[in-house]
Structure formats: structure tokens, C-alpha cells
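Colleague: A predicted structure for the sequence below; I have some questions about it.
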Amino acid sequence: MRILLASSEVHPYSKTGGLADMVGALAKYLAQAGQQVGVVTPLYSGIRERFPHLRPGDIRITLPLGSRHVQADVWTLEVADRLVIYFIDQPDFYRRATLYQHQGVDYPDNAERFLFLSKCVAHLARNLPWKPELVHVHDWQVGLVPLFIRHQRLEEGWVDAPKTCLTIHNQAYQGHFGADAYEWANLPLDYFEPNGVEFYGGLNCLKAGIVYADRITTVSPRYAREITTEALGNGLDGVLRLRQGVLAGILNGVDYDEWNTTDNPFLKHSFAADSLEGKATSKLDLQRELGLPEASHLPLFGTVTRLVEQKGVDIQLSALEEMLAAEMQFVLLGSGESQYEKAYKKLSARYPTKVAVKIGYDHGLSHRIEAGCDFYLMPSKFEPCGLNQLYSLRYGTIPIVRATGGLDDSIIDLAEDVERATGIKFAEYSSSALVKAIRKGLILFEHSDLLLHLRTNGMSADFSWEKTAQKYLKLFDKILSE
Ligand code: ADP
């Protein structure tokens with residue numbers, strides 16, 4: 001199969017969240033399964049320096065964007081057999097240190113930046129010599145690609161145009177712009193209507209993908225159901241219900257080549273389910289690294305996250321206020337909205353021996369938190385898939401999660417199945433429900449046999465990408481045969 005993926009972020013080149021991890025891993029495992037794979041993504045600042053093997057390609061693209069023409073060069077990186085990354089070099093749009101925002105505010109030209117990216121994807125799909133037969137786009141930034149392809153097939157003689165698939169990683173982010181942004185699509189007005197890309201008078205890039213892609217997936221089965229409901233549909237539930245027949249949920253995998261505890265450059269001590277000494281030492285190391293008293297007898301809770309409402313920051317802050325009277329420690333690595341950053345810093349100033357907070361983005365520390373903690377807190381309001389709870393399982397860190405989206409699909413609570421339990425789940429979105437769940441964690445910590453049982457179950461759970469990639473391949477087969 002010949003598959004072209006497109007995403008505004010791809011690990012290890014650029015990342016703000018799980019989208020990058022997912023696309024990077026999917027591409028790698030599809031290629032390993034013998035498929036021909038390309039990935040289109042922007043060339044942001046710093047990528048060329050970090051990946052000196054990047055080659056200036058001989059592809060130069062000039063495309064209309066509203067009333068002007070914009071040029072880009074395509075740099076390529078052959079990562080492995082059958083896997084090439086195509087970086088779109090358009091310095092005005094992408095040579096920026098951060099991907100979408102500056103100091104918490106979206107770049108004012110995001111519509112132009114990502115409509116241009118989407119046009120480049122369609123252009124490459126049409127002109128690459130290996131002729132992709134399926135284009136798989138991820139999230140709103142490339143949501144218009146299925147429409148560009150369809151339009152060129154219907155109106156511009158692209159007879160063997162590829163099939164398209166959209167994966168929604170988070171329906172809360174839709175790329176909803178004013179109507180004037182549609183000008184940059186250079187498409188007839190026919191598509192700008194309620195059954196097309198129009199949404200409350202503006203342009204909605206995710207809706208474009210939902211309406212025009214041949215198939216739609218999202219990153220967990222439960223989230224696939226949730227986004228068709230008013231409660232979690234973010235206004236697009238009606239459109240999705242119309243397309244429910246082509247919507248499926250596939251739980252993300254974990255790239256165990258990177259997220260493992262036995263061969264990991266970010267961890268000083270290796271450990272495994274049958275030899276946990278390295279985990280105990282990792283805990284002491286983490287406490288020291290973050291300035292907390294080194295104490296193996298204190299239960300250590302951790303979180304690595306974007307600090308946004310979705311992640312349940314408000315209930316976590318008030319639950320911690322209540323719980324910190326207990327003998328426990330908490331560490332947080334995160335960045336995001338300044339009100340939340342300030343609130344966590346304040347908490348650590350008030351409880352310097354119990355709470356350590358690092359504001360910022362630190363890949364290595366995220367591994368060390370996963371390895372060093374006893375419990376991982378993820379009280380999300382909603383969670384399409386969530387990756388950290390899956391990383392926690394492999395690192396022997398017991399997830400305490402709210403039963404929503406992929407969190408519910410991936411974690412088994414003691415009350416559901418004692419034999420197979422891997423974590424603690426709570427249902428209600430409230431700090432009191434989270435407090436109860438944390439209390440369960442404290443009790444579990446006192447019962448070392450049960451703690452070990454959950455830990456061992458989690459560490460041996462298999463969320464490998466090999467399995468997930470097979471599910472995508474099965475779906476792609478179906479799309480191509482339709
Ligand atoms: P989302 O994509 O909604 O942010 P996910 O759980 O799907 O949530 O993925 C988050 C990914 O981003 C994980 O790999 C996590 O470790 C990483 N991450 C989030 N914040 C940080 C941070 N401050 N430093 C390092 N890694 C982070």
C-alpha cells in the first residue's frame with residue numbers, strides 16, 4: 001500500500017502533544033509492516049539543525065493562496081526503508097520556534113499557514129512519483145486536504161486521485177476562522193455552505209475533513225461514541241452523526257522502542273516487572289532531582305501535561321489542596337495557561353517538601369516522572385485517547401484516571417476486574433471524586449501485594465503499535481476496496 005500521512009506535528013521533529021507521538025509512530029510501524037509511507041509536515045525552526053541529514057529536495061512548490069502566490073521548498077529525510085518525511089520549508093509561515101501560538105495567543109495567520117500546508121499535501125499527493133493511493137490526514141490543520149483532493153478529482157481531471165482518511169485527535173480544536181479565511185482556499189463558493197465547510201458563518205477546517213474524507217477515525221472507541229453526542233461534540237456532533245457509518249475508533253499504541261524501562265537513554269536505572277529495584281532508585285533520583293525529600297516510604301504522585309482545562313487542572317488543584325495534609329508527595333511537569341502555571345507554582349511554594357512543580361517542556365524529565373512515581377494522575381474532563389496513562393502502565397506507575405474517552409478504554413479498575421486490574425478509575429468530574437480516588441491510591445500503597453499485582457498487570461499489558469498499525473491497515477484495505 002502507498003500511504004501519504006500529513007500532520008502539523010510529528011515526533012521526533014516537532015511536538016506539542018500526543019498528535020506528534022501518534023503520527024510519528026504510525027508512520028514508522030506502517031513502513032515496518034512493508035507499506036510505502038510518506039509524511040508531510042512543516043519545517044519549523046531548529047529541525048534542520050537537529051537533523052543534519054535533511055536533504056534539500058528538488059521539489060519547489062508554488063501555489064495560489066488567495067490573491068497571491070506562495071512558494072515553498074520541500075526538504076526530505078529518508079528515515080528508514082520505505083519511509084520518507086517531506087518537510088515544507090516556507091520560512092514566513094513555519095520558521096518559528098513555537099508551532100501554533102506565541103505567549104498563549106494563537107498566531108493571527110494560522111488559517112493561512114495551515115491552508116497552505118493542506119494545499120502542499122494535496123499537491124504532493126498528486127505529483128509524487130510513487131503515487132500515494134491513500135492520504136491520511138490528522139486534525140484540523142490538514143482538514144481541508146480531502147476537499148482539495150476531491151475538488152481536483154471532480155473539476156481538474158485528477159482521474160486516479162487517492163482515497164482519504166481523517167483522524168480526529170481532539171474534536172475541541174477545529175480551526176474555526178472567519179468567513180474571509182475561505183478566500184485562501186481558492187475554491188468555488190459552492191463548498192461554503194452548511195453541508196460543507198461553513199460553520200456559524202465561518203470556515204471550519206475540521207468540519208471540512210469530516211464532510212469530505214472517505215473515512216473518519218478517532219483515537220479510541222469510546223471517544224468515537226462521545227463525539228457524536230451533544231455533550232462532547234463541540235458543535236460538530238450533528239455532522240458526525242450524519243457520517244457515523246464511516247466513523248471508527250482505534251486506540252493509539254505506544255512506541256515501546258522509545259517508551260520502555262530497559263533500554264532508555266533518559267533513565268539511569270533500568271527495571272522490569274520481575275526486577276523492580278531500578279524503579280525504587282528512580283523514585284529517589286526523581287525526588288532529589290526535583291528538590292523533594294528522598295523518601296521511599298512516601299507515595300509519590302505525578303502528572304505531565306499541557307495545562308489546559310481539558311486535563312482536569314481545576315479539580316486536580318482543589319483535590320490536592322485537600323489531600324496534601326496526608327503523607328504524600330506530588331510532582332508536576334507542564335506548561336500552558338498562565339493562571340494554571342501560577343496556581344501550581346503557588347502550591348509548591350506553600351508545600352515545598354510535598355510538591356515540586358516544573359513549568360516548561362522537558363522530554364527527558366517526562367520519562368523520569370513516569371519511571372519514578374508510584375501513581376500517575378490524569379483526571380481529564382475529556383480525553384480522546386491519552387498517552388501518559390499508557391506510558392505509566394509500562395513504567396509500573398499506577399494510573400488514577402477519570403473514566404472518559406481513551407482513559408476508560410485503556411485502564412481496568414479493581415471494581416471492574418480484580419484479576420486484570422491495572423489502575424484506579426473514577427466517574428464524576430469533581431474534586432471530591434478525585435479525592436476519593438487518591439485516597440484509594442494511598443490505601444493501595446499500604447497493601448504491597450495488591451500494589452504489585454496492579455503494577456505487574458500494567459507492565460505486562462500490550463498496547464504496542466504493531467497491533468494498532470494492523471488495525472489501520474485493515475481499515476485502509478477496506479477504504480481502498482470501496
Ligand atoms: P495531549 O495530546 O492532549 O496533550 P496526550 O496524553 O495524548 O495528551 O499526549 C501528551 C504527550 O505530550 C505525552 O507524550 C506527554 O508526555 C507529552 N507532554 C505533555 N506536556 C509535556 C511537557 N511539559 N514536557 C514533556 N512532555 C510533555
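Modeller: Received it, and whenever you're ready, just let me know what you need.

Colleague: for the residue in the chain that the ligand sits nearest to, which residues are in contact?
Modeller: In the chain, no residue comes nearer to the ligand than residue 18, which is 2.2 Å away by CB to the nearest ligand atom. In this view, the C-beta of every residue, glycine as well, is placed from N, C-alpha and C. By CB atoms under 8 Å, 6 or more residues apart in numbering, the contact set of residue 18 is 169, 219, 252, 384, 385, 386, 387.

Colleague: if you rank those by neighbours, which is first?
Modeller: residue 386 (31 neighbours; other CB atoms under 10 Å).

Colleague: where does that residue land in three-state SS?
Modeller: coil (DSSP: H, G, I helix; E, B strand; the rest coil).

Colleague: what does the one 10 residues further on give?
Modeller: When the structure is split into helix, strand and coil by three-state DSSP, residue 396 lands in coil.

Colleague: for the closest residue to it other than its chain neighbours, give its distance to residue 423.
Modeller: Closest residue to residue 396 apart from its sequence neighbours, by CB to CB, 6 or more residues apart in numbering: residue 455 at 4.8 Å. In this view, residue 455 and residue 423 are 10 Å apart by CB to CB, to the nearest Å.

Colleague: the two - which one has more neighbours?
Modeller: When residue 455 and residue 423 are compared for neighbours, residue 423 comes out ahead with 27 against 22, by other CB under 10 Å.

Colleague: near the ligand, which residues of this structure show up?
Modeller: 17-19, 21, 304-306, 333-335, 361-363, 366, 385-388 (CB under 6 Å from any ligand atom).

Colleague: mind checking which of these are in helices?
Modeller: Under the assignment DSSP state H, those contribute 18, 19, 21, 363, 366, 388 to helices.

Colleague: what's the closest of those residues to residue 394?
Modeller: Lowest distance from residue 394 to these (CB to CB) belongs to residue 388, with 10.9 Å.

Colleague: quick one: contacts for the closest one?
Modeller: So residue 388 contacts 303, 304, 305, 370, 376, 378, 399 (CB under 8 Å, 6+ apart).

Colleague: before we move on, what about residue 324?
Modeller: 330, 347, 351, 354, 355.

Colleague: 7 Å - rerun?
Modeller: Residues in contact with residue 324 (CB atoms under 7 Å, 6 or more residues apart in numbering) are 351, 354, 355.

Colleague: how many neighbours does residue 225 have?
Modeller: Neighbour tally, residue 225, other CB under 10 Å: 15.

Colleague: list the contacts for residue 356?
Modeller: 290, 291, 292, 331, 348 are the contacts of residue 356 under CB under 7 Å, 6+ apart.

Colleague: quick check: the residue of the chain closest to the ligand vs residue 318, distance?
Modeller: For residue 18, the distance to residue 318 - CB to CB - is 26 Å.

Colleague: and what of residue 422?
Modeller: 26 Å.

Colleague: these two: which is more packed in?
Modeller: Neighbours per residue, other CB under 10 Å: of residue 422 and residue 318, the larger number sits with residue 422, 26 against 16.

Colleague: coming back round to it: most neighbours, which of the contacts of residue 356?
Modeller: residue 331 (26 neighbours).

Colleague: did I read that right, that one in a strand?
Modeller: Yes - under three-state DSSP, residue 331 falls within a strand.

Colleague: contact partners for it?
Modeller: By CB under 7 Å, 6+ apart, the neighbours of residue 331 are 286, 290, 300, 302, 356, 369, 373.

Colleague: state the pLDDT value of the third one.
Modeller: Read it as residue 300. Confidence at residue 300, expressed as pLDDT, is 98.

Colleague: kindly report the same for the fifth one.
Modeller: pLDDT for residue 356: 98.

Colleague: then the second one?
Modeller: On the pLDDT scale, residue 290 is placed at 98.

Colleague: for it, give me its contacts.
Modeller: 331, 356, 358.

Colleague: out of these, which one sits closest to residue 130?
Modeller: For the contacts of residue 290, the nearest to residue 130 is residue 358 (43.7 Å; CB to CB).

Colleague: next, count neighbours for that closest one.
Modeller: Neighbours around residue 358, by other CB under 10 Å: 20.

Colleague: before we move on, the earlier item: buried among the residues of the chain next to the ligand? Need that as a selection in PyMOL.
Modeller: Buried members of the residues of the chain next to the ligand, defined by 16 or more other CB atoms under 10 Å, are picked up in PyMOL with:
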select buried, resi 18+19+21+304+305+306+333+334+335+362+366+385+386+387+388
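
Colleague: re the thing from before, just the contacts of residue 324: which are in strands?
Modeller: The members of those that map onto strands under DSSP state E are residue 355.

Colleague: make CSV out of the contacts of residue 324 and add neighbour count.
Modeller: Converted to CSV, the contacts of residue 324 look like this (neighbours: other CB atoms under 10 Å):
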residue, neighbour count
351, 17
354, 21
355, 23
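
Colleague: ok, the contacts of residue 324 vs residue 238, which is closest?
Modeller: residue 355 (43.3 Å).

Colleague: so who does the nearest residue to the closest one once chain neighbours are set aside touch?
Modeller: Nearest residue to residue 355, sequence neighbours excluded (CB to CB, 6+ apart): residue 348, at 4.3 Å. The contact partners of residue 348, taken as CB under 7 Å, 6+ apart, are 355, 356, 357.

Colleague: which helices and strands does whatever helix or strand residue 455 lives in pack with?
Modeller: Per DSSP states H and E, residue 455 falls inside helix 448-460. Applying 3 or more CB pairs under 7 Å, 6 or more residues apart in numbering; DSSP states H and E, we find helix 448-460 packed against helix 388-394, strand 398-402, helix 431-446.

Colleague: ok, then the element right after the longest strand seen in the chain?
Modeller: The residue-count maximum for a strand in the chain (DSSP E) belongs to strand 68-80. The helix or strand immediately downstream of strand 68-80 is strand 83-89, counting by DSSP H and E.
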